[in-house]
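J.: sequence and predicted structure below; questions after.
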Amino acid sequence: MASTRARAAAAELRNRARAARELRTATKAVATGTASASNHLMAGGVTPLVAHNYAATLTRKTKSIGRTPLASRTIKKRPGKKGLTVSRTGDLARMKRHRVVPVALWTLEDLRALALSGFRPKNTQVADFLAALALGRPAARAAA
């Protein structure tokens, strides 16, 4: 039986690997032109957790300034994972983690328009990302 410290270390290793995988995927998605708000944030150096938390806010604010997404699609939140299992049918948190969610695809120009509109988020990572976009600096710091 593994110790508590060993389990914690294994969980940390899994989280790091997941974050690195998400960052690689985000960088590739942004390089194609249109990507989700969270992918733009992650490619710009924002941590994955903050990027996922702020993606809906950026989408809502970008739509409020009159921009429309180029495309919209649905994705699985955690691809490759099961939804509800037979033995854990009442686990709603598990269902939320693996649900299929709609995603709006944005260009960098759309997010730059949001940055120039004066939107200033409370989170410093997201604020720095938008400030770099407003100044015209390349947003994909993590990709470089």
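T.: Looks like it came in fine.
J.: low pLDDT regions in the protein?
T.: In the predicted model, the chain carries pLDDT under 70 at residues 1, 73-101, 138-144.
J.: who are the packing partners of the host helix or strand of R24?
T.: With the criterion set as DSSP states H and E, the secondary-structure element containing R24 is helix 4-31. Counting contacts by 3 or more C-beta pairs under 8 Å, 6 or more residues apart in numbering; DSSP states H and E, helix 4-31 is packed against helix 37-43, helix 48-64. Using the backbone N, CA and C atoms, a C-beta is placed for each residue, glycine as well.
J.: tell me the most buried of these?
T.: helix 37-43 (a mean of 27; mean count of other C-beta atoms under 10 Å).
J.: okay, it in PDB with CA atoms only?
T.: As requested, the backbone C-alpha atoms of helix 37-43 are provided in PDB (Å, rounded to 0.1, in the frame of the first residue of the first chain):
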ATOM      1  CA  ALA A  37     -10.600  31.400 -25.400                       C
ATOM      2  CA  SER A  38      -9.000  29.000 -22.900                       C
ATOM      3  CA  ASN A  39      -6.500  27.800 -25.600                       C
ATOM      4  CA  HIS A  40      -5.600  31.400 -26.400                       C
ATOM      5  CA  LEU A  41      -5.000  32.100 -22.700                       C
ATOM      6  CA  MET A  42      -2.900  28.900 -22.100                       C
ATOM      7  CA  ALA A  43      -0.800  29.600 -25.200                       C
END
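J.: what sits up against that helix?
T.: Contacts of helix 37-43 with the rest of the structure, by C-beta atoms under 8 Å, 6 or more residues apart in numbering, involve 22-23, 25-27, 29-30, 35, 48, 50-52, 54-56, 58-59, 62, 104, 106, 108, 111, 126, 129, 139-140, 142-143.
J.: please apply the same query to stretch 103-111.
T.: Applying C-beta under 8 Å, 6+ apart, the set of residues contacting stretch 103-111 is 30, 33-37, 40, 58-59, 62-63, 67, 69-75, 130, 133, 139.
J.: in that stretch, which residues are buried?
T.: Judged by neighbour count (16 or more other C-beta atoms under 10 Å), stretch 103-111 contains these buried residues: 103-108, 110-111.
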